[in-house]
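Engineer: give me coordinates for this.
(chains A and B)
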Protein chains: 2
Amino acid sequence: MPPEKTAVEMHPQRWGDPAAAAPLPEAARGLIEMAFGLVERPAVTAAPLPAPAIEPALLAGLRDLLGAEHVLTDDDSRRLRTRGKSTPDLLRARAGDLSDAPDAVVRPGGADDVAAVIAFAVEHHLAVVPFGGGTSVTGGLAARRDGYAGLVSLDLCRMKRLVDVDPVSMTATLEPGLRGPEAEALLAELGLTLGHYPQSFEYASIGGFAATRSSGQSSAGYGRFDSLVVGLTVVTPNGPLTLGSAPANAAGPDLRQLVLGSEGAFGVITSVTVRVRRLPAVKLYEGWRWPSFSAGAAAMRALAQSELLPTVIRLSDEAETSLNLARPDEIGGSGAGGCLMIAGFEGEREAVAARQAAATAVLTGLGGEWLGEEPGLAWAHGRFHAPYLRDALLDVGVLVETLETATFWSNAERLYADVKAALESALGDPTMVLCHVSHVYETGCSLYFTVATSEGDDPVGRWLTAKAAASDAMIAAGATITHHHAVGTDHKPWLAQEIGPVGVGILRAVKAELDPTGILNPGVLIP
Amino acid sequence: MPPEKTAVEMHPQRWGDPAAAAPLPEAARGLIEMAFGLVERPAVTAAPLPAPAIEPALLAGLRDLLGAEHVLTDDDSRRLRTRGKSTPDLLRARAGDLSDAPDAVVRPGGADDVAAVIAFAVEHHLAVVPFGGGTSVTGGLAARRDGYAGLVSLDLCRMKRLVDVDPVSMTATLEPGLRGPEAEALLAELGLTLGHYPQSFEYASIGGFAATRSSGQSSAGYGRFDSLVVGLTVVTPNGPLTLGSAPANAAGPDLRQLVLGSEGAFGVITSVTVRVRRLPAVKLYEGWRWPSFSAGAAAMRALAQSELLPTVIRLSDEAETSLNLARPDEIGGSGAGGCLMIAGFEGEREAVAARQAAATAVLTGLGGEWLGEEPGLAWAHGRFHAPYLRDALLDVGVLVETLETATFWSNAERLYADVKAALESALGDPTMVLCHVSHVYETGCSLYFTVATSEGDDPVGRWLTAKAAASDAMIAAGATITHHHAVGTDHKPWLAQEIGPVGVGILRAVKAELDPTGILNPGVLIP
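Structural biologist: The predicted structure follows:
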């Protein structure tokens, strides 16, 4: 595994660190050319930004609150906080469309600053978009601006403290602006880890993990981010909210679970207290081959229902396996055949050995073929790399995007077939739909689809049509519109169907209570 | 372990099945006489009920909806649904105070009936109190009636179906009126178990477990009830709400966790879909002795943080151990000395052996003394019996009540000392304050206090003063007002402190959205 590096600013039109970008591997290039043809699609560079639509007096007021150096209106600052990193976001950015740019970027230094900015925004009816890592793939940063005196990006990048560690309770209190590697580095100095590694890990922030109910690649072992949170402090337009008096309780509804997933629409999370673990002594990743996706999924289910889940467990379907998508460096190379499963075990040496032995007995008994550690190491090496590949494919006219859902085990095969069929039907040939399971529970699992198709003349429109068809299929199957990508603006119509009018009424009522003038992330989350 | 029996109606002034009541064991009687003196306090029998304060036309309307046989106004029906089973509830019932009796009891046969009753109640401004097992110990059934056209108890006793079992996903959908033993009996026919065994198990209901965020004696192994729920259907005055599209997701806030703990104030839960397990092949309970409460608690913490928790884990403090409270049949007999821990392992034979061996290594290494299975079996035998003892003590003038809280590990010693001191100071001599830890998490634990003192002239007033002092101490220590007893009416002032004005505002906003005319459990939960 490469060392975890401290995040730098991402390229405004691409994922991640420009220095880490790599061209398409040769094998992939051949495959792509055969499947889709190669059409070089250079991005528009230096597209002009719309003029800031905010009164100078308001900017002056913000500068009075935070200091002039923390109220930014330069082009680069605004461009880097325009939308997130979905493929439509990138396509718009590549086309030079910066119409969603914030008018200004403000950088609070702490919860008091956040409260001051929010009070100012309420007074002057400014829209405020909380900004952590900027990695949203569901339009979570594309707030509505009509009717507001301006739109400011509230960048939490100065709030990066490890506020407190409680080594007895094994908890840590973190500020929201810490990105994944920064939080892990601070904890590692104390021999601790959070263990939360979503694909966006290198850029996504603690506040974003909480606000979007993130789930990481090690969720089977460490738990989803929402299951790690024991306390929160939040600044709402209605005042501060502090939650977390015990690991669990019966003191009414668990309001922590109402803030988790609130996507900046109810308040700004100013600290998160999370469960931490001791750094694992051993990390062991291995590969297994299954004759079919359903055989592999049944094995995952057996592990989960026997409480023998590894730390990491992933299963690619036949198509994804054949394309080597679990090994981004070798995409397009010769696949292992069947369906590739990655199982990873982390912890103390003895415990890892015991858990691996127990899991091996189950997997072998169910017909899995052990492939050794090499496929596991290859996956671990490339685990954060897939988004870079997307940029390389967009460069040659291939539209690549992902979407994901979850359901109960008994419904998983239907959901897989229905979403796949909806995507293939909407996009037509040539289209590749690949899938993997990467989050496993006792009662169900997630399904994560990667789609590659030609961009065509209107790639954004083409994708939105297909995405709508896939989303309709999820809801029709009784599944969720999102397992870990959150709602943003893109998923709102389907969230409304998923939770129904009474559920939507609850969200609206809480929004009206906490943010009565609607300045926080307007248009995000709430249908 | 005695067989799980199907619940019968409880005595209106005592806990449980009158046939199962037992007199005070001789050893306890001697101890009690020495400590408190013996003052026979017979209960008032056949106290008159207030006349039903509801218009006959409304009763006729309810009869039209449900059938005459499901709208009850007889004395027995009303008496049995008056308040819950806290010691103040029992003291009031024993004194003949039935002023909180419902005007009528209605028994819906399904969700449609529930919706019809709610619509009728909204139209005629009737207060509706959902009733499951009637085991509330926090005033959860003592709704406010002023300003309403009447107060009806909505008894869910006819809604007792096992609606569906999904053996692939390992979930079951249960109706809310099923009591603990009934639900387990239906599941056991299929080789399944829910594994939820709170002390109220023999009488409490599935709907009540969900509405109060119940936690059972096997929570370390099976999880809290809220962690077992994957889906819910709820009838609110604002319409039906169906939640649970996946085990977990990122589709906004987890609204299931807003219904769990809503105590009938937001809606009536008409079904709950829960995770189930295979019936354990082996149940093994054993005792351990620790030199001190803090040494035992440190051992629990070590197990939790090593992910080696048994299915059941309990630890009595020195005082509780010396009184044998973990063995209700022998209360007052000679204790084991030190602090008694009960560890229980349930599951397949091989897995139990492995888990027991791993836990034994940790506990032995930390200085625990293994006492064999006998103390474990004694605990299991008496695990639901303690509430009967309370009645026997109330009969002889000894006020016994319990209260509970939870906090993070680093705060547990302070919380223990502060709550104990508050109770002792408020009640004066002679008072016994006993404590155990019975719910353990990686980051913290619960503390459960049992208090015995003389009743005095005004036992209810005496207890409420002490309870307020203990509750103040919990909040001052930053702990929760309740780990698993819920809020009801008794805990509202402290809930308000625990979640603060913004948290209270959220609860009020959701209440106003879902129950705009406030007919559901008025005065319960919402500060």
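Engineer: where in the stretch 301-450 of chain A is pLDDT low?
Structural biologist: A:325-336 (pLDDT under 70).
Engineer: hmm, stretch A:150-169 in reach of chain B?
Structural biologist: Yes: with Cβ under 8 Å from any Cβ of the partner chain as the criterion, chain B is reached by stretch A:150-169 at A:166, A:168-169. Any C-beta I mention is one placed from the backbone N, CA and C, and that applies to glycine too.
Engineer: quick one: end-to-end length of that stretch, please.
Structural biologist: Stretch A:150-169 has an end-to-end distance of 44 Å (Cα to Cα, to the nearest Å).
Engineer: chain center to it, what's the gap?
Structural biologist: Per Cα atoms, centre = their mean, to the nearest Å, the displacement of stretch A:150-169 from the mean C-alpha position of its chain is 18 Å.
Engineer: in that stretch, what's buried?
Structural biologist: A:150-157, A:159-160, A:162, A:165-166, A:168-169 (16 or more other Cβ atoms under 10 Å in any protein chain shown).
Engineer: hang on, the earlier thing: turn the residues of stretch A:150-169 next to chain B into a markdown table, including secondary structure and pLDDT.
Structural biologist: Formatted as a markdown table, those follow (DSSP: H, G, I helix; E, B strand; the rest coil; pLDDT from 0 to 100):
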| residue | secondary structure | pLDDT |
| --- | --- | --- |
| A:D166 | strand | 98 |
| A:V168 | coil | 98 |
| A:S169 | coil | 98 |
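Engineer: and the gap between A:L399 and chain B?
Structural biologist: 24 Å (Cβ to the nearest Cβ, to the nearest Å).
Engineer: low-confidence regions, chain A specifically.
Structural biologist: In chain A, residues with pLDDT under 70: A:1-8, A:325-336.
Engineer: now the top helix by length along it - C-alpha only, CSV.
Structural biologist: The longest helix of chain A (DSSP state H) is helix A:492-514. Taking C-alpha atoms only, helix A:492-514 is exported to CSV below (Å, rounded to 0.1, in the frame of the first residue of the first chain):
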residue,chain,number,x,y,z
LYS,A,492,-33.9,14.2,-4.5
PRO,A,493,-36.8,13.0,-6.6
TRP,A,494,-36.0,9.4,-5.7
LEU,A,495,-35.5,10.2,-2.0
ALA,A,496,-39.0,11.6,-2.1
GLN,A,497,-40.3,8.2,-3.4
GLU,A,498,-38.2,6.2,-1.0
ILE,A,499,-39.4,7.9,2.2
GLY,A,500,-42.8,9.0,1.0
PRO,A,501,-44.7,12.2,1.6
VAL,A,502,-44.7,11.8,5.4
GLY,A,503,-40.9,11.2,5.4
VAL,A,504,-40.4,14.3,3.2
GLY,A,505,-42.7,16.2,5.6
ILE,A,506,-40.4,15.3,8.5
LEU,A,507,-37.3,16.6,6.7
ARG,A,508,-39.1,19.8,5.7
ALA,A,509,-40.3,20.4,9.3
VAL,A,510,-36.8,19.9,10.7
LYS,A,511,-35.4,22.2,8.0
ALA,A,512,-38.0,24.9,8.8
GLU,A,513,-37.2,24.6,12.5
LEU,A,514,-33.4,24.7,12.3
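Engineer: distance between it and the chain's centre?
Structural biologist: With Cα atoms, centre = their mean, you get 22 Å for helix A:492-514.
Engineer: which of the residues in that helix are buried?
Structural biologist: A:492, A:494-499, A:502-507, A:509-514.
Engineer: need the residues of the stretch 351-500 of chain A near chain B, please.
Structural biologist: Within the stretch 351-500 of chain A, the positions adjacent to chain B are A:354, A:405-411, A:439, A:441-446, A:478-487, A:491, A:495, A:498-500 by Cβ under 8 Å from any Cβ.
Engineer: what about the residue lying farthest from the centre of chain A, which SS state?
Structural biologist: Largest separation from the mean C-alpha position in chain A: A:A57, at 36.4 Å (Cα atoms, centre = their mean). Three-state assignment for A:A57 (DSSP: H, G, I helix; E, B strand; the rest coil): helix.
Engineer: how near is it to B:G368?
Structural biologist: According to Cβ to Cβ, to the nearest Å, A:A57 stands 69 Å off from B:G368.
Engineer: can you show me the strands along the stretch 301-450 of chain A?
Structural biologist: A:312-316, A:339-347, A:369-372, A:398-408, A:431-437, A:444-454 (DSSP state E, counting those that start in this stretch).
Engineer: oops, could you answer that again for the stretch 101-250 of chain A instead?
Structural biologist: Under DSSP E, counting those that start in this stretch, the stretch 101-250 of chain A gives strands at A:104-106, A:127-131, A:151-155, A:162-166, A:171-174, A:192-193, A:229-236, A:239-243.
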